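Engineer: build me a structure from this.
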Amino acid sequence: MGLTRRPLLVLLGAPAPLPAAVAAVDVSIGPTTLGTHDNGSPPLPARVPALPATTLPSLQSAAARQWQLTLAAALLLASAAHAIPLRTAMPALERPGVPLLWATVPDADRMESNVSLQPETPYRWVIEPGQPFGAQVKVANGARGERAVLTVWDWNRNPVAQQQLSKPCDERVSFEVEGRGTYLLTLDLFAGEECVSRLVRSFSVCPSNLARREAWRTDEFWVGTCAFPGRQHWTNDFGPAKPPGLTEQESRDLDAELAARAGLQIVRPDLPIEWRSGTDPIDFTRADVSLAAWTSRGFRLDLQVGQPPDWAILPQYAGVTDPKWRYPRREGLCRRWLAGLLPRYAKDAAFIELYNEPDNRDFWRGTPEEYIQWAGWAVDEIEKVALDALIAAGGYCLLEPEWTGLFARALVGKLDLIGYHSHGDVTALEANFRAMRATHAAAGYAKPVFVNTEMGYAAWRLDMERHQAATAMQKLLYCWAHQNRGALLYCSRDIGGPRLRPDADWGFVDHFFCPRFAYGALSAFIDTYAGASFERILTEAHPFSAYVFRRDDARIVTAFTTYDGDRAVVVTSDATRAEIVDPMGNHTEAPTPTRVELKTGFYPATAILHGATTTSVE
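Structural biologist: Numbering: from 1, shown residues only. A predicted model of the protein is given here:
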């Protein structure tokens, strides 16, 4: 497959003939390697052929010199504007010559200021299908090494295209993507054969799901995210939590915009409320603009309420040396805090959550009885101003299971939803959920309604970003199939700094608002299941799970393995037409609608069976 060249400059009128000095300008696009080419070789450089000298005007004329400069500029621009074609199921490069994604490589974001990879519009890494994606690659003379290699990795971690770059360079690289997809970009600098630094970015091609939010059956299952709009003024070991060039509010807005574009409906934000002392008014300034970034885009809140600042701590805990936010506060100040925030934000809440992980000593270091007392104050204040609000338990995590049981028994009759958390893979979620149901059955709950208010999978290494994406989809399907009221991913944009950092990164977009594979998979999930309802579990015989959903006259069958491997599955039905949907939402017509062969794996494999009334898997 050759590369597509597009003219970037159109000159109107009747130009003079081409000057000889420009006639042989090299417009090679540089050595570009794709997974395959029509002739098995990289595309050859192209040169502008020289015209006969008799047609050339005098180079002494001003017009001729202007023409020479204009055309030379156009050719230089064209040379940097080649397009790399990308499509689904591209074969992997056999010898990419760069470190694989699990390798440890020095992070260019932290140690190399002389390289950059920027989209045409700052921080706009997500585009609609059919649009080319362009980025500017810069490697200055001051950068370490002698050369750079730009590699494109697909959502299965395969290197599928590559561009060799000399140093220095300042080039525009364009990608033409067939269909939908999310691609990881690595820009590796080499000194000899040693990779001395790696810059990591990514982009996604997927349609906006804003309209799909309207079709989503939120009466059956919510899909949302945790977010930190109130922490954009924080810092980390890299620098400010917000990326360079954006204000706090611009960072909040872009985070919310990308989550809305993916089609999410619920957000659990932090609450950056400030209160200097009991004699000062409560300051909602930062909280108001933080939450408005999301509510103005149609999000309903998981309004997770907590306690007033450290100065309100109970006297018996005043001498503790660890962070005081973990300890109980005085009743009067807690009630004033809640009475101030609830009228302001409860109107936008899908539900109100009572604290965060009170059965985790990292979050609650009072006694369990003191938490139960605080929860009683919170319920009182909620009922004063939002009598119809749904109240959820505070994200139990079972780290102190005896405490979880105490809380469950003490709050019988006071809760509408049981909020719980579960990180890790889908088997960990399944174990947590079984324990959560057993705990509440023992506490006397007849028909508890559960909502997962925090579930994540850390992308602690680049190759783990595929695990993060596949696991998120598996866990959404599991929660929905087991009649959870909804599930919130953890999280939208993590505030800990760029990729390749030593601690875990949980976000489905990164520090620079680059979408991870999870963003593309989530967008495809929302698109595919908009308007659908859960129908039945076909099997959960681990390591294999399969479910059926219904949407209009179609059945949606999805299946996955709980290990990182493939399994062939045949879906039989009486469908009149069938489509296979890949992890990024690309549709392929199945040749035999009544017998669809699916290659299931870590990413759920999905078939849409139009007109089907019966389904089974073999």
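Engineer: which residues of the stretch 51-200 of the chain fall in helices?
Structural biologist: 62-79, 108-111 (DSSP state H, counting those that start in this stretch).
Engineer: mean pLDDT for these: which is lowest?
Structural biologist: For those, mean pLDDT drops lowest on helix 62-79, to a mean of 43.
Engineer: which residue sits closest to the most centrally placed residue in the chain, ignoring its sequence neighbours?
Structural biologist: Among the residues of the chain, the one closest to the centroid is Phe508, at 2.2 Å (Cα atoms, centre = their mean). Nearest residue to Phe508 in three dimensions, chain neighbours excluded: Ala518, at 4.1 Å (Cβ to Cβ, 6 or more residues apart in numbering). To be clear about C-beta, it is placed using only N, CA and C from the backbone, and glycine gets the same treatment.
Engineer: any regions of this structure where pLDDT drops low?
Structural biologist: For the chain, the stretches with pLDDT under 70 are 1-82.
Engineer: and the helices in it?
Structural biologist: 20-23, 62-79, 108-111, 210-215, 248-262, 285-295, 331-345, 368-385, 401-410, 426-442, 464-481, 517-529 (DSSP state H).
Engineer: so which of these comes closest to Thr561?
Structural biologist: helix 464-481 (9.3 Å; Cβ to Cβ).
Engineer: what is that closest one packed up against?
Structural biologist: helix 426-442, strand 450-455, strand 486-489, helix 517-529, strand 533-539, strand 544-551, strand 554-561 (3 or more Cβ pairs under 8 Å, 6 or more residues apart in numbering; DSSP states H and E).
Engineer: how about those in a markdown table, adding mean neighbour count and distance to Trp311?
Structural biologist: Below are these laid out as a markdown table (neighbours: other Cβ atoms under 10 Å; distance: least, Cβ to Cβ, whole Å):
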| stretch | mean neighbour count | distance to Trp311 |
| --- | --- | --- |
| helix 426-442 | 17 | 35 |
| strand 450-455 | 27 | 28 |
| strand 486-489 | 26 | 31 |
| helix 517-529 | 26 | 39 |
| strand 533-539 | 15 | 48 |
| strand 544-551 | 20 | 50 |
| strand 554-561 | 24 | 50 |
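Engineer: got JSON lines for those, with distance to Asn586 too?
Structural biologist: Putting these into JSON lines (distance: least, Cβ to Cβ, whole Å) gives the following:
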{"stretch": "helix 426-442", "distance to Asn586": "24"}
{"stretch": "strand 450-455", "distance to Asn586": "26"}
{"stretch": "strand 486-489", "distance to Asn586": "22"}
{"stretch": "helix 517-529", "distance to Asn586": "8"}
{"stretch": "strand 533-539", "distance to Asn586": "23"}
{"stretch": "strand 544-551", "distance to Asn586": "18"}
{"stretch": "strand 554-561", "distance to Asn586": "15"}
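Engineer: I'd say Pro106 and Glu194 touch.
Structural biologist: No - Pro106 lies out of contact with Glu194 (Cβ atoms under 8 Å); the separation is 10.3 Å.
Engineer: more neighbours: which of these two?
Structural biologist: Higher neighbour count among Pro106 and Glu194: Pro106, with 15 against 9, using other Cβ atoms under 10 Å.
Engineer: what's the distance between the more buried one and Glu193?
Structural biologist: 15 Å (Cβ to Cβ, to the nearest Å).
Engineer: got it, and Asp552?
Structural biologist: 57 Å.
Engineer: ok, Glu370 next?
Structural biologist: 61 Å.
Engineer: ok, those two, which is more surrounded?
Structural biologist: A direct count of neighbours by other Cβ under 10 Å for Glu370 and Glu193 places Glu370 higher, at 17 against 6.
Engineer: ok, the closest residue to that one other than its chain neighbours - contacts?
Structural biologist: Spatial nearest neighbour of Glu370, excluding adjacent residues (Cβ to Cβ, 6+ apart): Pro328 at 4.5 Å. Counting by Cβ atoms under 8 Å, 6 or more residues apart in numbering, Pro328 touches Gln307, Ile313, Leu314, Tyr317, Gly366, Glu370, Tyr371, Gln373, Trp374.
Engineer: change it to 7 Å
Structural biologist: Leu314, Tyr317, Gly366, Glu370, Trp374 (Cβ atoms under 7 Å, 6 or more residues apart in numbering).
Engineer: which among these end up buried?
Structural biologist: Among those, those scoring as buried are Tyr317, Gly366, Glu370, Trp374 (criterion: 16 or more other Cβ atoms under 10 Å).
Engineer: return the distance of stretch 98-111 from the chain's centre.
Structural biologist: 21 Å (Cα atoms, centre = their mean, to the nearest Å).
Engineer: for it, buried residues please.
Structural biologist: With the criterion 16+ other Cβ under 10 Å, stretch 98-111 contains buried residues Val98, Leu101, Val105, Asp107, Ala108, Asp109.
Engineer: got it, and stretch 414-426?
Structural biologist: Buried, per 16+ other Cβ under 10 Å, within stretch 414-426: Leu415, Leu417, Ile418, Gly419, Tyr420, His421, Ser422, His423, Asp425, Val426.
Engineer: for the residues you listed, which two are the farthest from each other?
Structural biologist: The widest separation within the buried residues of stretch 414-426 (Cβ to Cβ) is 27.9 Å, between Leu415 and Asp425.
Engineer: how much space separates the residue nearest to Phe433 when sequence neighbours are not counted from Thr562?
Structural biologist: Of all residues not flanking Phe433 in the chain, His482 sits nearest, at 6.5 Å (Cβ to Cβ, 6+ apart). Note on His482: its distance to Thr562, by Cβ to Cβ, is 15 Å.
Engineer: likewise Leu258?
Structural biologist: 29 Å.
Engineer: then Trp155?
Structural biologist: When distance is defined by Cβ to Cβ, Trp155 is 19 Å away from Thr562.
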